[in-house]
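*Asks:* can you look at this prediction? I've put the sequence above it.
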Amino acid sequence: MRSPKLRAAALAVAAVAVASCTDGGDAADLGPRGTEGTVTVGSSDDAASRIEAVIYANALRMAGGPVETRLGLGPGDAAVVAVERGDITVAPALTGALWERYRPGVTPPSSTKTDGAEGKDQWDEQFVAVSGVLPEGLGLGDPTLALDQSMLFVAKAAPPASLQGCEGLAGPVAVPAGSPTDVAERYGCTTGPVTVVVDDASAARAVSDGRAAIAQLRTLSPAAQELSQVADPDGVVPSRAVVPLMRRDGLTVAQSKRLSAVAGALTTVDLAAMVASVEAGEKSPEEVAADWSAENPLN
């Protein structure tokens, strides 16, 4: 469920977009483009971005009008750059990454959960703040329940661990090569020694074998699915939730509503399973997105 504050924020963003329209068309439109205009959804190179883009494109097609996809535009923020330039209309992005892009070096806003259930954390303050620092002409749809960020994980058989009070976090930590090693600073807890290992699978194996008590892994990593994520009830770690970044003049209200329908359905668990399937070469982004849509009909 989307919190009242988040819904209000989304409506406020939409209201600004409507107010900025200068065309003589339908006042309900978010921009001058009507439903007959082609919407282009793009992605960066990684599997998660490709999958998210296809899911958003499929949702937009439900609102009518032609929709095209341009997948694999480049590494990192390539799809975000394409939206900024006006080369595409919509691209999946991450809330925390957008904050870092437009406010580098500035401490991100605090996050507040609106639901204590696993996987249903909403980050209202961050969403409102990120919406407010976007370049002119850009807007955000509702953030999904899917998070793509580094977190701490413990063995499923281990006692519950939490960043609140640093409960269960006194043991050694395995960190994949290339990941940040400042664990104490990032999570606010004094752990055991940090050991750098080859990759995510090696970090997860270290926990399973008892050589480490904690692993730092990406939430979408296949290796993370074998462990239990450490709880973060106080929102210590800034959220990197999947969110659609869009050209304000590129979508109608009906199309924006279809994107919002994705927000309440796509979870970290869903996306992680799809990423694992694509990275293993079992299915294409289009195939896993179609399977997900069949299992999660958007209202």
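*Replies:* On my side now, so go ahead. Numbers count the residues shown, from 1 in each chain.

*Asks:* and the helices in this protein?
*Replies:* Using DSSP state H, the helices of the chain run over 4-19, 47-61, 78-85, 95-102, 124-133, 183-187, 200-208, 253-263, 268-279, 285-295.

*Asks:* now those helices as TSV including mean neighbour count and mean pLDDT?
*Replies:* Quick note: C-beta positions are derived from backbone N, CA and C, even for glycine. Shown next, in TSV, are these (neighbours: other Cβ atoms under 10 Å; pLDDT from 0 to 100):
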stretch	mean neighbour count	mean pLDDT
helix 4-19	16	38
helix 47-61	25	97
helix 78-85	20	97
helix 95-102	20	93
helix 124-133	20	84
helix 183-187	16	93
helix 200-208	21	96
helix 253-263	21	90
helix 268-279	20	95
helix 285-295	17	97
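
*Asks:* leaving out chain neighbours, which residue sits closest to residue 166?
*Replies:* residue 189 (3.7 Å; Cβ to Cβ, 6 or more residues apart in numbering).

*Asks:* look up how far residue 236 lies from the one you found.
*Replies:* Going from residue 189 to residue 236 by Cβ to Cβ, to the nearest Å gives 9 Å.

*Asks:* which neighbours do these two share?
*Replies:* Contact with both residue 189 and residue 236 is made by residues residue 163, according to Cβ atoms under 8 Å, 6 or more residues apart in numbering.

*Asks:* which one's more surrounded, the two?
*Replies:* residue 189 (23 against 16; other Cβ atoms under 10 Å).

*Asks:* thought residue 163 was touching the more buried one, still the case?
*Replies:* Yes. At 6.3 Å, residue 189 and residue 163 qualify as touching, with contact defined as Cβ atoms under 8 Å.

*Asks:* who touches both of these two?
*Replies:* With Cβ under 8 Å, 6+ apart as the test, residue 189 and residue 163 both reach residue 169.

*Asks:* dump the residue contacts of residue 190.
*Replies:* Per Cβ under 8 Å, 6+ apart, neighbours of residue 190: 166, 170, 184.

*Asks:* at 6 Å what do you get?
*Replies:* residue 184 (Cβ atoms under 6 Å, 6 or more residues apart in numbering).

*Asks:* so who does the residue positioned nearest the centre of the chain touch?
*Replies:* The centre of the chain sits closest to residue 242, judged by Cα atoms, centre = their mean, with a distance of 1.9 Å. Residues near residue 242 by Cβ under 6 Å, 6+ apart: 52, 92, 144, 146.

*Asks:* repeat for residue 133
*Replies:* 102-103.

*Asks:* gap between it and residue 84?
*Replies:* Taken as Cβ to Cβ, the span from residue 133 to residue 84 is 13 Å.

*Asks:* residue 232 too?
*Replies:* Applying Cβ to Cβ to residue 232 and residue 84 gives a distance of 31 Å.

*Asks:* same thing with residue 57?
*Replies:* Per Cβ to Cβ, residue 57 is found 19 Å from residue 84.

*Asks:* residue 138 now?
*Replies:* Distance from residue 138 to residue 84, by Cβ to Cβ: 7 Å.

*Asks:* quick check: which ranges of the stretch 51-200 of the chain have low pLDDT?
*Replies:* Residues of the stretch 51-200 of the chain meeting the criterion pLDDT under 70: 109-124.

*Asks:* try 90
*Replies:* Scanning the stretch 51-200 of the chain for pLDDT under 90 picks out 63-65, 105-129, 180.

*Asks:* hmm, back to that, for residue 158, find the nearest of the helices of the chain.
*Replies:* Comparison of these against residue 158 by Cβ to Cβ identifies helix 200-208 as nearest, at 8.4 Å.

*Asks:* any idea how far the closest one is from the chain center?
*Replies:* 24 Å (Cα atoms, centre = their mean, to the nearest Å).

*Asks:* ok, now stretch 292-299?
*Replies:* 18 Å.

*Asks:* pull up the distance across it, start to finish.
*Replies:* Using Cα to Cα, to the nearest Å, the end-to-end distance of stretch 292-299 comes out at 14 Å.

*Asks:* quick one: contacts of that stretch?
*Replies:* Under Cβ under 6 Å, 6+ apart, the answer for stretch 292-299 is 58-59, 261, 265.

*Asks:* from those residues, which is closest to residue 225?
*Replies:* Residue 225 lies nearest to residue 265 out of the contacts of stretch 292-299, by Cβ to Cβ, at 19.3 Å.

*Asks:* got phi/psi on the nearest residue to residue 49 once chain neighbours are set aside?
*Replies:* Sequence neighbours aside, residue 43 is the residue nearest to residue 49 in space, at 4.2 Å (criterion: Cβ to Cβ, 6+ apart). The phi/psi pair for residue 43 (degrees, to the nearest 10) reads phi -140, psi 160.
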